[in-house]
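Trainee: My questions are about this predicted structure, shown below with the sequence.
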Amino acid sequence: MNSIKVWLETMRLRTLPVSVAGVVMAIAIAWWQTRMRWAPALLCLAFAVLAQVASNMANEYFDWLNGADRAGRVGPRRGVTEGDISPRALLIATCAVITLAAVTGCCLLPYGEWWLLPVGIVIVLAALAYSAGPWPLSYHGLGEAMVFVFFGLVPVNLTYYVITGRLWEPIVMLASMTIGLMGVNVLLVNNYRDVEDDRVAGKRTSVVIFGRQPAAAAYLINGYMAIALLTPLWLGAALWPRLPAAMLAVPAFYLICHTALWWQLTHRDGRALNPLLGMTASLMATFTVALTIFLIAI
């Protein structure tokens with residue numbers, strides 16, 4: 001198998017919208033409020049991508065180490081498990097990406113206060129604790145909570161902070177929860193697909209604990225809650241002169257596509273679920289980009 005393709009699969013690039021979306025959302029709101037600074041914004045984008053890739057690579061390495069991945073698994077091919085990549089090479093690559101993420105995070109310190117340093121350390125440790133350590137969080141039904149916090153609340157609010165110097169803005173907090181719920185749905189699809197493999201491996205994801213039907217219901221509800229959280233913005237599109245009413249097409253488009261994906265989730269099984277992971281992430285990215293275009297254009 002082509003080595004470049006193997007490494008790209010290990011990085012799981014199709015999941016990058018989960019990390020990028022939060023940063024883009026914060027940039028859009030800052031631009032809309034005319035408080036934009038590009039240097040910290042781009043640094044946040046780089047940090048988010050590197051942290052996501054590091055988390056993905058660490059997840060693959062520690063899933064292999066813990067025996068959670070098996071050859072011929074239902075999900076996408078895993079390089080270490082299939083023998084395409086040596087465990088040592090993956091561990092070295094993971095450490096290198098974590099180091100790059102840490103250096104990038106340190107470059108953000110001049111744009112904020114001292115507490116950004118411990119927060120950055122917590123983010124890096126969380127990326128590892130997801131699947132590593134004596135009590136891996138993703139093995140105990142806490143993967144979705146991790147995604148909601150570290151791919152929703154943290155990137156949106158902190159990106160907005162280093163750009164504008166302001167923290168805990170109500171609309172930014174609501175937007176971070178929206179992104180968090182959409183990111184959770186990406187993980188739900190992954191765990192929904194892998195439920196049998198995870199059960200055999202002793203990996204107690206939320207889907208293993210509660211079952212597929214509650215997971216599918218959570219997927220549907222999360223999407224609708226994500227849109228509902230931004231009700232002030234949608235009302236603004238209908239009432240405020242500064243926001244175009246055409247922006248209401250964004251939530252409508254998302255909800256239609258989201259409902260269609262939920263239907264497919266409940267009517268597919270095994271490898272037929274693989275495309276839904278990328279489609280859920282792509283819908284998240286499309287929503288974020290469309291909303292960003294409206295906020296930047298007005």
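Mentor: Here it is on my side, so go on. Residues are numbered from 1 along each chain as shown.
Trainee: Chain neighbours aside, what residue packs nearest to Ser282?
Mentor: Leaving aside its sequence neighbours, Ser282 sits nearest to Pro17 (Cβ to Cβ, 6 or more residues apart in numbering; 6.7 Å). C-beta coordinates here come from the backbone N, C-alpha and C atoms, glycine included.
Trainee: For the one you found, give me its contacts.
Mentor: 186, 281-282, 284-285, 288 (Cβ atoms under 8 Å, 6 or more residues apart in numbering).
Trainee: TSV for these, including neighbour count and distance to Leu142?
Mentor: Compiled in TSV, the contacts of Pro17 are given as follows (neighbours: other Cβ atoms under 10 Å; distance: Cβ to Cβ, whole Å):
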residue	neighbour count	distance to Leu142
Val186	26	16
Ala281	25	21
Ser282	16	26
Met284	26	21
Ala285	17	25
Thr288	25	25
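Trainee: Just send the residues you listed back as JSON lines, with secondary structure and pLDDT too.
Mentor: Formatted as JSON lines, those follow (DSSP: H, G, I helix; E, B strand; the rest coil; pLDDT from 0 to 100):
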{"residue": "Val186", "secondary structure": "helix", "pLDDT": "94"}
{"residue": "Ala281", "secondary structure": "helix", "pLDDT": "92"}
{"residue": "Ser282", "secondary structure": "helix", "pLDDT": "93"}
{"residue": "Met284", "secondary structure": "helix", "pLDDT": "96"}
{"residue": "Ala285", "secondary structure": "helix", "pLDDT": "93"}
{"residue": "Thr288", "secondary structure": "helix", "pLDDT": "96"}
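Trainee: Reformat the residues you listed as TSV; add distance to Pro40.
Mentor: As requested, the contacts of Pro17 are exported to TSV (distance: Cβ to Cβ, whole Å):
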residue	distance to Pro40
Val186	26
Ala281	25
Ser282	27
Met284	23
Ala285	22
Thr288	19
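Trainee: What is the nearest of those to Ser138?
Mentor: Val186 (13.4 Å; Cβ to Cβ).
Trainee: and the closest one, how far is that from Gly236?
Mentor: Distance, Val186 to Gly236, using Cβ to Cβ, to the nearest Å: 28 Å.
Trainee: Quickly find the element holding Trp114.
Mentor: Assigned by DSSP states H and E, Trp114 falls within no helix or strand.
Trainee: Now for it, how many residues are close by?
Mentor: Counted with other Cβ atoms under 10 Å, residues neighbouring Trp114 total 7.
Trainee: just Thr286 next, same as before
Mentor: Using other Cβ under 10 Å, Thr286 is surrounded by 16 other residues.
Trainee: Quick check: what element follows the lowest-mean-pLDDT helix or strand in the chain along the chain?
Mentor: Among the helices and strands of the chain, helix 3-11 carries the lowest confidence by mean pLDDT, DSSP states H and E, at a mean of 79. Downstream of helix 3-11, the first helix or strand assigned by DSSP H and E is helix 16-32.
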